[in-house]
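1. 3D, please:
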Amino acid sequence: MPVNVHVQQAARLASLSHPLHFITPPTRPLAFSFSSLIPIFHRPAASTACPFSAHLRSSTPSTKFFIAFATTRTYASAPKKKKMPPKKVVKEEKLPLGRPGNSLKSGIVSESPASKRQVGLANVGKSTLFQAITKCSLGNPANFPYATIDPEEARVIVPDERFDWLVEHYKPKSVVPANLTVYDIAGLTRGASTGAGLGNAFLSHIRAVDAVFQVVRCFDDAEIIHVEGDVDPIRDLDIIAEELRLKDIEFVEKAHAALVKETRRGGQSLEMKKLKEEQATVEKILEMLKDGKDVRKGNWSPKEVEVINPLFLLSAKPVVYLVNLSEKDYIRQKNKHLPKIAEWIKTNAPGDPIIPISVQLEERIAVMSDAEAAEELKNLGTKSALPKVITTMRKALQLGSFFTTGADEVRQWTIRTGTKAPQAAGVIHGDFEKTFIQCIVYNYSVLREEGDEAAVKAKGKIMTKGKDYVVEDGDIILIKAGAAKS
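-> Numbering: from 1, shown residues only. Predicted coordinates for the structure are as follows:
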């Protein structure tokens, strides 16, 4: 290992039985490694050729040798400090907008603009879609204004090929698929934000859901009236977006006024600091809304999201756009309005999903048996859009699934993306979250690839995870928990 030799050490070394003399003593500390020292025999006269040689005299004058620095000669410096490993960068977790939890609700809305010229409903197929998607007759489709007043609710089974395979694989006594709660909400009217028609009631119904299916009419039918006189999906999109933002501005202005009143008291307390931060966030929201932008399109920090969520803003909710086509246009996937709608969404709601659908077709096959519906769709050369509608909404709500499996039951559980193992256990039973110890987990994709649990275990692909494990969509989990305290 490296050794530092200083000139000042010469006196101490001189006390040795074989004194060490520096022929030409160095004026600065010299660093060398013992591994670089090689004994070489020289004549005394040669000693002056190496200014940094150490001359060692033995008891026999005729025998002299030198230890020369044969390799590295570098001046000593202060020992370098060990570099500390870089601090682990903690990625700031992005919180989702909206109500926390797993039991989230979706609402089907549409635009039904009022007109002084004539009375009637701009029927876009909203309630008919509700009937088709829920396979029940709760909807009240009709060709007159406000046919739907109170929102109607139904639970829709989530189509999932993974669940179907697990049921076939385990052949359990009981099966419980995941579901999605859907509401049929009445169509909005122009001026709904100021209470026109049944605007206040309708907007309160939208506030109660967590995401929105927005149905846009793109079909012509003389028997289904449109009070504006023609089909214009861009106009309808503008009306809904504007009415929702105007109502949000009303909510936010009230919240802002309350915060201003609080912060006028002044002070340097932590509570006052928090109130001022909330006020700044609310002002940022208000500015965005007045600029004609939806809150869900903002880049919000976790602290700002905590301010936004309690406001239950309409424009903060995820939206899935359902473009209602005629059966003919849906089968050929062509419609003159589609490019304009796609451009509108790109400009005003970038990233929001758009799904073409024929409510007319879905209504027709909804009353058929599964075999009859499959045969009809095969003959038409198309497929139902409803599975995509449901799975797209789950994705928009940031929902995923994990499974519990066995001969007794196969069940699909719904969780939010990013849920950790103890919270996932709590979905099964509240006590499991409190007493969580660990979980045994492997993903559905691994089971499908290997064929059965024995093969998964043999390949060492079954994992034991603790409290920090983030459950992945498609995980198959066995929870281990302690006894609950009474």
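
2. Can you list the neighbours in contact with stretch 355-375?
-> Under the criterion Cβ atoms under 8 Å, 6 or more residues apart in numbering, residues 125, 128-129, 131-133, 135, 215, 219, 320-327, 329-331, 333, 335, 338, 376-377, 380, 382, 384-386, 388-389, 392 lie in contact with stretch 355-375. Just so you know, the C-beta spots here come from the backbone N, C-alpha and C atoms, and that holds for glycine as well.

3. any low-confidence regions in the stretch 101-250 of the chain?
-> Applying pLDDT under 70 to the stretch 101-250 of the chain flags the ranges 101-103, 109-126, 136-151, 186-202, 221-229.

4. Which among the contacts of stretch 355-375 count as buried?
-> 125, 128-129, 131-133, 215, 219, 320-327, 329-330, 335, 338, 377, 382, 384-386, 388-389, 392 (16 or more other Cβ atoms under 10 Å).

5. Among those, which lie within helices?
-> 128-129, 131-133, 327, 329-330, 338, 377, 386, 388-389, 392 (DSSP state H).

6. Stretch 363-372 - what's its average pLDDT?
-> Stretch 363-372 shows a mean pLDDT of 93.

7. Give the buried residues for it.
-> 363, 365-366.

8. what about it, how long is it end to end?
-> Length of stretch 363-372, first residue to last, Cα to Cα, to the nearest Å: 14 Å.

9. Give me the longest helix you can find in the protein.
-> Assignment by DSSP H gives helix 233-263 as the longest helix of the chain.

10. which helices and strands does it pack with?
-> For helix 233-263, the contact count by 3 or more Cβ pairs under 8 Å, 6 or more residues apart in numbering; DSSP states H and E identifies helix 199-208, strand 211-217, helix 270-290, helix 338-348 as packing neighbours.

11. Out of these, which is the most enclosed?
-> Of all the helices and strands packed on helix 233-263, strand 211-217 has the most neighbours on average by mean count of other Cβ atoms under 10 Å, namely a mean of 25.

12. tell me the angle it makes with helix 233-263.
-> Using axes from the mean of the first three to the mean of the last three Cα atoms, to 10 degrees, the direction of strand 211-217 lies 150 degrees away from that of helix 233-263.

13. report the angle between the axes of strand 211-217 and helix 338-348?
-> Going by the same axes, to 10 degrees, strand 211-217 makes 140 degrees with helix 338-348.

14. quick one, domains of the chain?
-> Listed by automatic domain parsing, the domain ranges of the chain are 3-75, 105-395, 418-481.

15. related to what we said a few turns ago, so which of the helices and strands packed on helix 233-263 gets nearest Ala421?
-> Minimum separation from Ala421 across these (Cβ to Cβ) falls at strand 211-217, 26.1 Å.

16. Compute the inter-axis angle for that closest one and helix 126-134.
-> For strand 211-217 against helix 126-134, the angle by the same axes, to 10 degrees is 120 degrees.

17. Return the distance of Asn299 relative to Gly98.
-> 16 Å (Cβ to Cβ, to the nearest Å).

18. The two: who's more crowded?
-> Set Asn299 next to Gly98 and count neighbours by other Cβ atoms under 10 Å: Gly98 wins out with 22 against 6.

19. Does that one belong to a helix, a strand or coil?
-> Gly98 falls in the coil class when you classify it by DSSP: H, G, I helix; E, B strand; the rest coil.

20. Kind regards, and thank you for your time.
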